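Enquirer: Got a predicted structure here, sequence first:
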Amino acid sequence: ILNVEQSPQSLHVQEGDSTNFTCSFPSSNFYALHWYRWETAKSPEALFVMTLNGDEKKKGRISATLNTKEGYSYLYIKGSQPEDSATYLCAFYNFNKFYFGSGTKLNVKP
Amino acid sequence: GAGVSQTPSNKVTEKGKYVELRCDPISGHTALYWYRQSLGQGPEFLIYFQGTGAADDSGLPNDRFFAVRPEGSVSTLKIQRTERGDSAVYLCASRSSGTGLTYEQYFGPGTRLTVT
């Protein structure tokens, strides 16, 4: 079983704050890392698929970086808004299987 | 187009009963995944289908769990002799290719199973 860890477990920020979370994964046999956003009562939604060391992806105020050599990825949210409140999951892809972290639950207060 | 759908959205059953959970993937997606998500945890891999065949069922916890995808589209997860520990959200996801690294998963809304 591959170990994928996310930190922090939960985060409470004020509207307008910028924030970031970490996903740690095995640095060997890397294929891809996925980030998902999961809002309450909705389906998990894909944010980014990252495959190359040094990858940086951006979607609006959300961006992500990838370091496959040391086995971590950061997700950044600039100027958090209440609608960003959700659980953010990372998933390590290996031999057709996805290994998920436990997620970071973000709560943005207006 | 339509996304991934799952039925039922909620299922309450008594310990020892049999349940079936259904997943309708996005049309044309060949890869289909089942996950189980317990409170406070991330989704846990159960089984992966490529077409009609189960390419990897190593995540099924025991022989009470079984899944089928007879025509390469709809899949059914079957749980026999349910136990209280089976209570969880069961998620289904599909992908357009089973081997493409960049293809993302599209998730259904999940089925919340409660075993009393």
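Expert: Here it is on my side, so go on. Numbering: from 1, shown residues only, chains lettered A, B, ... in the order given.
Enquirer: What residues does chain A have near chain B?
Expert: Residues of chain A lying near chain B by CB under 8 Å from any CB of the partner chain: A:4, A:6, A:31-32, A:34, A:36, A:41-46, A:49, A:51, A:89, A:91, A:93, A:95-103. All C-beta spots, glycine's among them, are computed from the backbone N, C-alpha and C.
Enquirer: Surely B:Gly51 and B:Gly72 touch.
Expert: Yes - under the contact definition of CB atoms under 8 Å, B:Gly51 touches B:Gly72, with a separation of 4.7 Å.
Enquirer: Now for chain B, the helix or strand with the poorest mean pLDDT.
Expert: Every helix and strand of chain B was ranked by mean pLDDT, DSSP states H and E. The lowest is strand B:53-56, at a mean of 90.
Enquirer: Buried residues, it. List them.
Expert: Buried positions in strand B:53-56, judged by neighbour count with 16 or more other CB atoms under 10 Å in any protein chain shown: B:Ala54, B:Asp56.
Enquirer: can you list the residues that contact it?
Expert: Under the contact criterion CB atoms under 8 Å, 6 or more residues apart in numbering or on different chains, strand B:53-56 has outside partners A:Phe95, A:Asn96, A:Lys97, B:Ile47, B:Tyr48, B:Phe49, B:Ala67, B:Arg69, B:Gly98.
Enquirer: May I ask you to confirm that A:Arg37 is in contact with A:Ser43?
Expert: No - using CB under 8 Å, A:Arg37 is not in contact with A:Ser43; the gap is 10.1 Å.
Enquirer: Return the residues of chain B in contact with chain A.
Expert: B:3-4, B:31, B:33, B:35, B:40-45, B:48, B:50, B:55-56, B:58-59, B:91, B:93, B:98-99, B:101-110.
Enquirer: In strands, which of those appear?
Expert: The strands, defined by DSSP state E, take in B:31, B:33, B:35, B:44-45, B:48, B:50, B:55-56, B:91, B:93, B:106-107 from the residues of chain B next to chain A.
Enquirer: what's near enough to touch B:Thr76?
Expert: By CB under 8 Å, 6+ apart, the neighbours of B:Thr76 are B:Glu20, B:Leu21, B:Arg22, B:Cys23, B:Ala67, B:Val68, B:Arg69.
Enquirer: what packs against the longest strand seen in chain A?
Expert: Longest strand in chain A, counting residues (DSSP E): strand A:86-94. On a contact count with 3 or more CB pairs under 8 Å, 6 or more residues apart in numbering or on different chains; DSSP states H and E, strand A:86-94 meets strand A:5-7, strand A:32-38, strand A:72-77, strand A:97-100, strand A:104-109.
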